[in-house]
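Student: with the sequence up front, the predicted model follows.
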Amino acid sequence: MTDVVLSLDDIHSLASKCLTVHGCDANNANAVADVITAAERDGCHSHGLMRLAGYVAALDSGKVDGHASPEVQQLAPAVVRVDGNGGFAPLALAAGRAPLIESARKTGIAALSLVNIHHFAALWSEIEPIAEAGLAAIACVSYMPAVIPAGGNKALYGTNPFAFGWPRRNSPPLIFDQASSVMAKGEVMLAAREGHALPDGVGVDADGNPSNDPDEVLKGALLAFGGHKGSSIAMMIELFSGALIGESHSFEAKERDNGDGGPPQGGELIIAMDPNLFGDADGWADHAEKLFDQILKQDGARLPSARRYHNRTSALTSGVTMSEAVYEKVVALSKANDA
Ligand code: NDP
Ligand code: PYC
């Protein structure tokens, strides 16, 4: 498989041009291009340019409004709600982030609910700015059925990622961001594209038989990580980004979806906490570092986000190496509506 090397500027322009050609206004195109570029920069190809085909399909089918303008409401002192008005998630999130941070600084803990959005991205770049602002944060979002509940036999939960951010004084925030399936669906799609077998225990084929073939697993279903434990986390995320905020669960999102391959309409929940208001304003930051030191003392152990920051440094200096096939597909998509 041939690779190409692109600068972050190339990736951003390519993504933003493609989205504009397919009907996004500049604000929406830039907000989505930002998350795609961040994913490529940090080594998450499964949520970078590869996703543009889905974003474009959703614009072309009219499912997503590329001109959507999000509306922010303060529902309670500690609850901010953003109605994305049928647009992609990144612009809605950008509109809600500052009010969320401001609320958390006043109340100690605050939540941001995003409704009527279409989400297709990696979560960490969504909470990194909140952690950079000095707050601890968690974020979760559902999708469409892909994961079988523990003991069951049919996909019900999305691959429902959960991200956590922790602010640090002398280092960039610690972030973890993980699907609640053994593997994110995007990683299975990458394995299918590259012709790699999956490890045991990732998923089952359409008949429910364990399979290592990514194409068969994409026709079947994924398993939750850690058996019933990951399954319960996936369920919690369904409730946080669905019932709690008046949005759909993954199975409802699918019922409504037009099957264009782009992100379904749904919701997302982000919670932010100000560590200065939890009783140890002078000590929390150093105290956390003691835990990180203990982890790092163990041979072979590392902090989550170390790989991501390493990739970022290399992308900033040398660009991003990516599949030429993905690049060419994006270039073709960018020309699709050019007359
Ligand atoms: P990974 O399994 O690659 O990584 C999960 C987390 O574990 C990362 O924070 C990673 O940090 C950390 N990690 C990995 N190895 C170690 C280790 N040895 N020690 C400590 N920490 C480690 O992620 P997934 O494949 O589960 O998810 C990939 C992306 O897909 C995520 O960004 C997620 O948001 C996205 N996604 C989006 C969905 C959506 O509906 N929008 C659905 C599902 C997934 P590091 O990055 O430094 O390796
Ligand atoms: O990788 O599972 C995934 C995924 C679903 C929606 C966006 N990414």
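Tutor: Arrived safely. Ligands and ions are numbered 1, 2, ... in the order given.
Student: up against ligand 2, what does the stretch 51-200 of the chain have?
Tutor: 120, 143, 159, 179, 184, 185, 186 (C-beta under 6 Å from any ligand atom). For glycine as for every other residue, the C-beta is placed from the backbone atoms N, C-alpha and C.
Student: among the residues you listed, which two are most distant?
Tutor: Farthest-apart pair in those is 120 and 179; separation 13.3 Å (C-beta to C-beta).
Student: more neighbours: these two, which one.
Tutor: The neighbour comparison of residue 120 against residue 179 (other C-beta atoms under 10 Å) goes to residue 179, with 26 against 23.
Student: which of the three states applies to the residue nearest to that one when sequence neighbours are not counted?
Tutor: Ranked by C-beta to C-beta, 6 or more residues apart in numbering and with sequence neighbours excluded, the top spatial neighbour of residue 179 is residue 159, at 4.5 Å. In the three-state summary, residue 159 is assigned as coil, counting by DSSP: H, G, I helix; E, B strand; the rest coil.
Student: ok, residue 159 - contacts?
Tutor: Contact analysis of residue 159 by C-beta atoms under 8 Å, 6 or more residues apart in numbering lists 143, 146, 147, 179, 180, 181, 184, 185, 222.
Student: will you turn the residues you listed into JSON lines that also has pLDDT?
Tutor: As requested, the contacts of residue 159 are exported to JSON lines (pLDDT from 0 to 100):
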{"residue": "143", "pLDDT": "97"}
{"residue": "146", "pLDDT": "98"}
{"residue": "147", "pLDDT": "98"}
{"residue": "179", "pLDDT": "98"}
{"residue": "180", "pLDDT": "98"}
{"residue": "181", "pLDDT": "98"}
{"residue": "184", "pLDDT": "97"}
{"residue": "185", "pLDDT": "97"}
{"residue": "222", "pLDDT": "98"}
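Student: how about the helices of this structure, start to end?
Tutor: 8-21, 26-41, 52-60, 89-107, 124-132, 185-194, 214-219, 228-241, 250-256, 284-297, 306-318, 324-335 (DSSP state H).
Student: would you format those as a markdown table with mean neighbour count and distance to residue 77 included?
Tutor: Listed next are those as a markdown table, based on neighbours: other C-beta atoms under 10 Å; distance: least, C-beta to C-beta, whole Å:
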| stretch | mean neighbour count | distance to residue 77 |
| --- | --- | --- |
| helix 8-21 | 20 | 36 |
| helix 26-41 | 23 | 27 |
| helix 52-60 | 22 | 35 |
| helix 89-107 | 21 | 6 |
| helix 124-132 | 22 | 18 |
| helix 185-194 | 19 | 37 |
| helix 214-219 | 19 | 44 |
| helix 228-241 | 20 | 20 |
| helix 250-256 | 18 | 30 |
| helix 284-297 | 12 | 23 |
| helix 306-318 | 14 | 34 |
| helix 324-335 | 16 | 44 |
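Student: of all those helices, which one comes closest to ligand 1?
Tutor: Checking those against ligand 1 by C-beta to the nearest ligand atom gives helix 306-318 as the closest, at 3.5 Å.
Student: quick check: angle from the closest one to helix 26-41?
Tutor: In terms of direction (axes from the mean of the first three to the mean of the last three C-alpha atoms, to 10 degrees), helix 306-318 departs from helix 26-41 by 110 degrees.
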